[in-house]
Structure formats: structure tokens, C-alpha cells
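J.: fold the following, please.
(one chain, ligands or ions: 1)
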Amino acid sequence: MWSRLDIPVDSTKPFTDYSRWRLRDTTDGSHLWDYLHTDEECAARPQTDKDRYFLGQPLNLPALPEPHSPLDSARNGFEFYKKIQSPDGHWAGEYGGPMFLLVGFVIGSYATGMSYSEVERLELIRYILNHANPIDGGWGLHTAGVSTAFGTAINYVAVRLLGISADHPAMVKARATLHKLGGATGVPSWGKFWLSILGVYDWDGNNPVPPELWVLPDWIPFHPWRWWIHTRTVYVPMSYLYGIRYTAEIDPLILSLREELYTQPYDNIDWPAQRNNVCAVDLYSPHSKLYDWINVVLDMYEHCTVPPVRQAGLDRAYKLVVAEDENTGYQTLGPVSKMMNLIVRAHVEGPESDAYKRHAAARYDFLWLAGEGMMVCGTNGSQLWDIGFITQALVETGLAREEANQESLIKALGWLDQCQIQRNPPYFEGWYRHRTKGAWPFSTKTQGYTVSDCTGEGLKSVLYLQNQLDFTPKRVSERRMFDAVDTLLTIQNADGGFASYELVRGPAWLELFNPAEVFGNIMIEYEYPECTTSVITSLSIFHKHYPDYRAAEIDATIRGAIKYLHAAQRPEGGWFGSWGICFTYATMFALESLALVGETYATSTSARRACDFLLSKQRADGGWGESYRVRGCAGAGAGLWVDHEQTQVVGTAWAAMALMYAQYPDPAPIARAVRLVMSRQLPDGSWPQEAIEGVFNKSCAISYPNFKFAFTIWMLGKAQRYLEEHDALRLV
Ligand code: LAN
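T.: Residues are numbered from 1 along each chain as shown. I've put the predicted structure just below:
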């Protein structure tokens, strides 16, 4: 192992011994990587195919029998996917993409004196080096993005804190790019915040983030309890740390960074003039005039804060931090708020406290080791989301009934059972939380937040596995399914649509106060076709099995949701997706919903327009490929489809499923899609990773590597039936 400052220039090869890493077997889906230091430990806990697959190592599996039909291909796909199922029943996987998360992990740990091991440090460095833009050496907002001041400054700082020296060639190159972008003065607000925490940016260069907002009466239309939950949960600790101008202890490394990050001497920088200085490449949502004006007023207030009022705001913010920690096993809603809450708790309670220790331990839930190094994930995984799709795919395609797959499905049901949240959070009423009883979260039960569509997918999966298969135990009681339905029925909005975690609580004009500059549509919840579909399909399937439970309400909910979907269809015929890329993803969901109420190509102009839209995007090779760079999406534009350079198996599976939901009458385009997906399958049954699949907050790409199994297998199995029905299997 090399010394602190001696990091190899070639980051393509692991900096640690990859034969010593193991994904820990947990019982609740937690993702934790262990490095085994001795040969004895390694012998006692041999590396599995699952470990090697996630580490990007070759598995050398034998070729499976050549598939002669779509179902054969789906079967081979699951034959492989089964090999990487965790013993507790879920499928693990990375959840990377954003390049602004690791910095929080590093700065938060550095500021509070929390350690991590040498091997983690080395692989974190390697991940960042491997995601530097090959041309200019900078970093973007996410792995697929161009270099920005934000990405470059924070990742530069992160690797420097992790131990790389300033004269390492990667640092020299990155620094030149940062300086070309104007230096770190022009980083957007979240960058300003992190750098201020570390003491390499002056707090005077930040727009005010007053904690006093928390003590305003709840009826005020802009009160933060009405904001989108992610913005709100980040704002709580941010306002606390801003309120006390928290700054890490200044040391020689920090003093050196003050020189490295800027194009001018640190002490000469006019900090207040930087508040609205955002590098042009970074800017996605420019400030509104109103927001700039409010900042002038808030700044005046910062010069004459009323100490008891500030203290009351800080006290309330602190209590909200504690409540959030307690409700989520110290993981909080996501990795950004996690590391901010950690600093607050470390500052108030000190390194000997229970909170400090629990926070230190929960950092590891966000780390994931991949072939290119160790990353911090967008959440602590996407466990429920992934298991939801693959289990439904297996039941719908009939593969679930095949004996070879039954054990895997029984394990999956066991995992779904333990993942359901069975109570409301301990800090609930008075803490702005939505009910959670009966809900399924996006990742694990510990994280513990209701997500509308995750509850929908979780419920559907359980209904499929328990009520449609005869070999599975009944693990989730009827009462618990009713609890899930009760929760779903509380989250429909007046327009009929469903948002992500909560009801839409605030007015749309709150978007005028979006302070983040790099993201769009983050101030309030919005209704989404994807979320809406998951909820109503699950309610409808539930209703088929339990026709007496809240039947009239379920019926009204579905009708309202369909109305919303009609209103949300774009003039071109597609639906705009916010969480997967993009029109292909949302249009698949919307057509599934319409099919539910009998609207198909033959019966509905809406479904017909959607099919025609999708067909106009099918490429010569039979596939579809859409880019996350939706045209016209930045700023006020409505967003238009942009082709990816290559067709994608995941996008092709979504489009073909959409056409099959709509019962598109001509089997030819579906057969061509099937051929493309089958042609990309490897002899061991897997599909290679292609372009990034997901997106959030309009601007940031995020990966869903398990989609290349769930949606391919699902589509192929569905296509088998569809092509048989159309007497068109020979087209494949
Ligand atoms: C997610 C991931 C899952 C996603 C779906 C379930 C797919 C969606 O249908 C509803 C919204 C949700 C739950 C979602 C919201 C925003 C998240 C949590 C993310 C995209 C994963 C990462 C992202 C989060 C905001 C990243 C941290 C950054 C901040 C701006 C705080």
C-alpha cells in the first residue's frame, strides 16, 4: 500500500486488492462492503459470484443454451440474475450517477473527525479520478455531465481531503479547468455551503438561509413544511449550520485549498459579491428577480438578527434534525441531509455521544463499491424498487411457476414482508411527516419514508406473489395490505395525480424561490404519471382480489387519476418522465394505466397518439434510445425528445411494453424490439451495462443498473404471449 501522498496516476486498476472485498449478507437489505484483511478471513468467507459481479470482475460462467424464443431469452436472463440475488432475497446494486454526494461524506467526516478505513479512502479517491472528464480533467454534476464549477470544485476538494497531493497530475489538470471556469467563487449555492463548512469559502458569500423560517406559523403559504421533502430536509440542517456559521477547524490543508481553488488571493475576494455569482455552465434554474430581492431583505436582517428569535429558529431546526435522525435510523431521507445532520449532532453533542456514534456508523449505508471505485449513492440503495419490478415480471411471464425459480421467489417475498413499514414514524404529527403505516419505502424499512409508487409496487408484488402463486407462504396479512391501501388513499391530490412522497402542500409559485440553481422543480411536490400509474395499478389489482375493501373510494381514485393522465399527455403524444429517461419511461407507465380502464389502441385516441409517438422514435435496428438531455427542458421549455447516440435495451424494453399495454395491433415493431434485446444478451444470460437509465430534479442522471434485468425479462416474457396471440413468433 502506498503512502498518503503517493496515489498512482493510472486509476483504472484497483488501488486495493479486489479479491478481499465482500458484500455483507444482511437481513434487511442494507448494503455494506467489508474488506477482509487476512487470508484466513478470506478462506472462511469466499468471494461469491455476486461479489465479483458488482466488483466488475469476470465471472467466467458457462454459456446457457441458446435461446430460440423471447421466453427462452427471459429465462436465461433470470438464470443469471438469480445468481446475484442476496441471501435475504433482495437484489443489491449501485445507485450512482450524482457527483455531488461524495463531497458531503468527506467534508462532514473531516469536519467532525470521523474516520474511515484506508481501503475506503483509496477506493473513494479512485472513483473520483475515474469519473474525471477525460478531456479537461474536471467533473460534472453527474457522471454523464460536462465539467462544471460545482462538480470540479467539490470533487477536487474531496480528493484533496482524502489525501491526494496538489501536484498529482489529475489535480493539476482539474485545477486548470476549475480556474478556466472562473475558480470556486462561481460554484452554485450547495457548493458555497459545503465549502463554507470546510472554511474554504466565506459564509458572507452565501445567500441567507435563516432558521427563523421554522418558527413562522404553519399557515404561511411559503412555510418550509410545504416544500418538497428533499428540499425541506436539506434546508433544516443547512439553516442551523448557516445560523451558527459553523466552520471546521482551520488547518494547513484548508489554508492550502484556499490558495488552490481561486484565481485570486483568498483574502482579496469580495465575498458578498459572490452570492449570486454562478458559473454559466452550472446554471440550470436562474434566480427569479423576486428571490434576489428577498435575499437583499434577508441580508439586512442578518445584520440585526434578534438573538432570542434566532435561538428559537435554531432550537426548532435542531429538534427537527433529531426527529429526522430518530425516525430513519440515522440515515435521514438521503445522503445530503444525512451528512449535514451529522455535523449538527456532532457539533451539539460531541464525539462521545450516542448520536455521533450512530451517525458515524450509518454513513456506510450510502457507500457502494463498483469496478471503478467506491461511490456515495443517491439513497442507501434501490432495494424495494428493484425487487418490485423483477418479481412482477416473473409472475406475469410465468417464469415464477417454474420450479427452478420458486425458491428465489419465496426469498423475495420474505424480503418484501420485512420491508413493509408497519407503523407511523415515532416523530409524526407536529413533525410534518406523512403517514407511513402500511407503506413500502424506496430502499429499506429503516430509511422508512412512504413513497407513493414504491408502496404501489410493493403492494402489487406481494399480491402477485401471495395471491397468484400456490407455492408461496402467506407472509403479509390482509390487514397489512389494507394498511397499504389506506396509506395510498391518503396521497391523491385534488387533480387526481400522485406525487412522490407526500401530497402537494405548497403553491406552484414557490418555485420562484428555488435557491439551488442546478436543479429544476424542487420546491414543492408535483404530480407524476409514473407515480400515479403505480398507485392506480396496484389499487386495481388489489380490488380484484379484495372487491369489498373501500371499493367506492378505489374506484373514484382510479377515475380521478385517469383524468389527470389525460390532462398530462403532451401534444406529441407522449408523457414526460421525471425519474426515468424520459418520454419512453413515462409513456410506458401511462399506457399501462390507460389499459387498465380499457383504453387501448383500438378504443382510445389518447393511446393511439401515444403509440404513434413511440413508433416514430423506433430506430432502424428495432430499438429505442433516449437521452437524459431532454431538449428545451432547461428553463421554461416544455421538453422535447432527444435521441441517445445508441439504442438502449432498457429503453427498448419500455417502449415495447408500452405498445403491448396498448395492444398495438401490428406485431412487427414488437418483434423487432425483441430481436434487438435478444441480440444484446450475453451467452451467460446477462446484458451488458449501457447508458445511465434514470434522472431526477430535471438535470441530474442516476443509475438503475438492475433495470437491464427486470425490464428486459418482463418485456421478453410479455412479448412471448403477445406474439403467440398474433401468430407472429416466427418474426423473431
Ligand atoms: C429518488 C429515487 C426514487 C424515485 C422514484 C421512486 C423512482 C420516483 O418514482 C419518485 C421519487 C424517488 C423516490 C426519488 C426522489 C429524489 C431522489 C431521492 C431519487 C431520484 C434518488 C436521489 C434523489 C435525491 C433527491 C438525491 C439527493 C439530492 C438532493 C437534491 C437532496
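J.: how about the residues of the protein near the ligand?
T.: 230, 234, 334, 336, 378-379, 385, 442, 451, 453-454, 500, 530-531, 579, 696-697, 702 (C-beta under 6 Å from any ligand atom). For glycine as for every other residue, the C-beta is placed from the backbone atoms N, C-alpha and C.
J.: narrow the residues you listed to those in helices?
T.: 230, 234, 336, 385, 453, 454, 530, 531 (DSSP state H).
J.: residues contacting the residue in the stretch 401-550 of the chain that the ligand sits nearest to?
T.: Nearest residue of the stretch 401-550 of the chain to the ligand, counting by C-beta to the nearest ligand atom: residue 500, 3.9 Å away. Each residue near residue 500 by C-beta atoms under 8 Å, 6 or more residues apart in numbering is listed here: 228, 229, 451, 452, 453, 525, 528, 531.
J.: what pLDDT is listed against it?
T.: On pLDDT, residue 500 comes in at 97.
J.: picking up where we left off before, just the buried subset of the residues of the chain next to the ligand, written out for ChimeraX, thanks.
T.: Here is the ChimeraX command that picks out the buried ones among those, judged by 16 or more other C-beta atoms under 10 Å:
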select :230,234,334,336,378,379,385,442,451,453,454,500,530,531,579,696,697,702
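J.: and residue 197, which of the three is it?
T.: Of the three states, residue 197 takes helix under DSSP: H, G, I helix; E, B strand; the rest coil.
J.: how deep is it tucked in, by neighbour count?
T.: By other C-beta atoms under 10 Å, 25 other residues sit near residue 197.
J.: over to residue 63?
T.: Residue 63: 10 neighbours (other C-beta under 10 Å).
J.: which non-adjacent residue is nearest it?
T.: The shortest distance from residue 63 to any non-neighbouring residue, by C-beta to C-beta, 6 or more residues apart in numbering, is to residue 683 (3.6 Å).
J.: ok so, going back, now, the most widely separated pair of the contacts of residue 500?
T.: Within the contacts of residue 500, 228 and 453 form the most distant pair, 15.4 Å apart (C-beta to C-beta).
J.: what stretches of the chain score poorly on pLDDT?
T.: Residues of the chain meeting the criterion pLDDT under 70: 1-5, 631-638.
J.: ok, residue 543 - contacts?
T.: Counting by C-beta under 8 Å, 6+ apart, residue 543 has contacts 549, 551, 554, 555.
J.: tell me which residues of stretch 133-142 are tucked away?
T.: Taking 16+ other C-beta under 10 Å as the criterion, stretch 133-142 shows 133, 136, 137, 138, 139, 140, 141, 142 as buried.
J.: list the contacts of it.
T.: Residues contacting stretch 133-142 (C-beta under 8 Å, 6+ apart): 97-100, 128, 131-132, 146-148, 150-152, 154-156, 170, 173-174, 176-178, 180-181, 282, 518, 692, 699-702.
J.: from the residues you listed, which land in strands?
T.: 700, 701, 702 (DSSP state E).
J.: tally of neighbours for the residue lying closest to the last one once chain neighbours are set aside?
T.: Using C-beta to C-beta, 6+ apart and skipping the chain neighbours, the partner closest in space to residue 702 is residue 97 (3.8 Å). The tally of other residues near residue 97 (other C-beta under 10 Å) stands at 26.
J.: packing partners of the longest helix along the chain?
T.: Taking DSSP H as the assignment, the helix of the chain that covers the most residues is helix 307-327. Judged by 3 or more C-beta pairs under 8 Å, 6 or more residues apart in numbering; DSSP states H and E, the packing partners of helix 307-327 are helix 229-243, helix 335-349, helix 354-362.
J.: same thing but at 7 Å, please
T.: helix 229-243, helix 335-349 (3 or more C-beta pairs under 7 Å, 6 or more residues apart in numbering; DSSP states H and E).
J.: may I see the buried residues of it?
T.: Taking 16+ other C-beta under 10 Å as the criterion, helix 307-327 shows 310, 313-314, 316-318, 320-325, 327 as buried.
J.: what is the burial count for the nearest residue to residue 505 once chain neighbours are set aside?
T.: Closest residue to residue 505 apart from its sequence neighbours, by C-beta to C-beta, 6+ apart: residue 226 at 4.0 Å. Other residues lying near residue 226 total 21 when counted by other C-beta under 10 Å.
J.: please identify which of the buried residues of helix 307-327 is nearest to the ligand.
T.: The ligand lies nearest to residue 324 out of the buried residues of helix 307-327, by C-beta to the nearest ligand atom, at 13.0 Å.
J.: still on that earlier bit, save the contacts of residue 500 as CSV, and put in distance to residue 414 too.
T.: Below are the contacts of residue 500 laid out as CSV (distance: C-beta to C-beta, whole Å):
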residue, distance to residue 414
228, 33
229, 29
451, 21
452, 24
453, 22
525, 32
528, 30
531, 26
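J.: now, among those, which is nearest to residue 671?
T.: Scanning the contacts of residue 500 for proximity to residue 671, where the rule is C-beta to C-beta, the winner is residue 453, at 30.3 Å.
J.: now the closest one: how far from residue 536?
T.: Taking C-beta to C-beta, to the nearest Å as the measure, residue 453 and residue 536 are separated by 10 Å.
J.: list the buried ones in the helix or strand hosting residue 290?
T.: Assigned by DSSP states H and E, residue 290 belongs to helix 289-302. Buried positions in helix 289-302, judged by neighbour count with 16+ other C-beta under 10 Å: 291, 294, 295, 302.
J.: report how many residues lie close to residue 399.
T.: 23.
J.: OK, contacts around it?
T.: 74, 75, 78, 405, 717 (C-beta atoms under 7 Å, 6 or more residues apart in numbering).
J.: got the contact list for the residue most central in space within the chain?
T.: Note on the chain: the residue nearest the mean C-alpha position is residue 378, at 4.7 Å, using C-alpha atoms, centre = their mean. By C-beta under 7 Å, 6+ apart, the contact list for residue 378 reads 95, 97, 98, 101, 702.
J.: now do it against residue 237, distance only.
T.: Distance, residue 378 to residue 237, using C-beta to C-beta: 18 Å.
J.: scan the chain for its longest strand.
T.: strand 643-648.
J.: quick one: contacts of that strand?
T.: 619, 621, 623, 624, 625, 626, 627, 676, 690, 691.
J.: which secondary structure elements does whichever helix or strand comes after that strand contact?
T.: Counting by DSSP H and E, the element after strand 643-648 in chain order, helix or strand, is helix 649-661. If you count contacts as 3+ C-beta pairs under 7 Å, 6+ apart, helix 649-661 packs onto helix 583-596, helix 605-615, strand 624-626, helix 668-679, helix 707-725.
J.: and helix 649-661, how far from the chain's centre?
T.: On the basis of C-alpha atoms, centre = their mean, to the nearest Å, helix 649-661 sits 22 Å off its chain's mean C-alpha point.
J.: since that was my last question, I'll sign off now.
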